[in-house]
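[1] Return atomic coordinates for the entry below.
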Amino acid sequence: MHATPSGGTMDGMKVIVDFDRCESNAVCMGVAPEVFEVRDDDYLYILDENPAEALRPQVEEAARSCPKAAITVEG
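    Reported below is the predicted structural model:
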């Protein structure tokens, strides 16, 4: 387990988005809406940087599906 800046712990994966590459095209949101959201301002938001392990298949698919390869999954 790793400590988070807030003092909690996390295990499993961490979702990282390169916002310089991201075009907010919402492909990731279509695959993993529990983790990614494109809002009315046309910007992508990460709803959960450390999603549950049960979401790994969707998160990894979202990363693979990103047209700009802007999503990285660590852990």
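[2] Tell me where the protein has helices.
    In the chain, the helices defined using DSSP state H lie at 27-31, 56-65.
[3] Buried ones in the last one, by neighbour count?
    With burial defined by 16 or more other C-beta atoms under 10 Å, the residues of helix 56-65 counted as buried are 58, 59, 62, 63. The way it works is simple: take the backbone N, C-alpha and C, and place the C-beta from them, glycine included.
[4] so what does that helix touch, helix or strand wise?
    Using 3 or more C-beta pairs under 8 Å, 6 or more residues apart in numbering; DSSP states H and E, the elements in contact with helix 56-65 are helix 27-31, strand 71-74.
[5] Any chance of the ones you listed in TSV with mean neighbour count, mean pLDDT and distance to residue 48 as columns?
    Shown next, in TSV, are the helices and strands packed on helix 56-65 (neighbours: other C-beta atoms under 10 Å; pLDDT from 0 to 100; distance: least, C-beta to C-beta, whole Å):
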stretch	mean neighbour count	mean pLDDT	distance to residue 48
helix 27-31	20	98	12
strand 71-74	15	98	12
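[6] Export the ones you listed as JSON lines, with columns for distance to residue 42.
    Shown next, in JSON lines, are the helices and strands packed on helix 56-65 (distance: least, C-beta to C-beta, whole Å):
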{"stretch": "helix 27-31", "distance to residue 42": "12"}
{"stretch": "strand 71-74", "distance to residue 42": "17"}
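[7] before we move on, back to that, export the helices of the chain to a markdown table and tack on distance to residue 47?
    Putting the helices of the chain into a markdown table (distance: least, C-beta to C-beta, whole Å) gives the following:
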| stretch | distance to residue 47 |
| --- | --- |
| helix 27-31 | 9 |
| helix 56-65 | 11 |
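[8] right, so of those, which gets closest to residue 45?
    Among these, helix 27-31 comes nearest to residue 45, with 9.3 Å by C-beta to C-beta.
[9] so what secondary structure elements neighbour that closest one?
    Partner elements for helix 27-31 (3+ C-beta pairs under 8 Å, 6+ apart): strand 36-38, helix 56-65.
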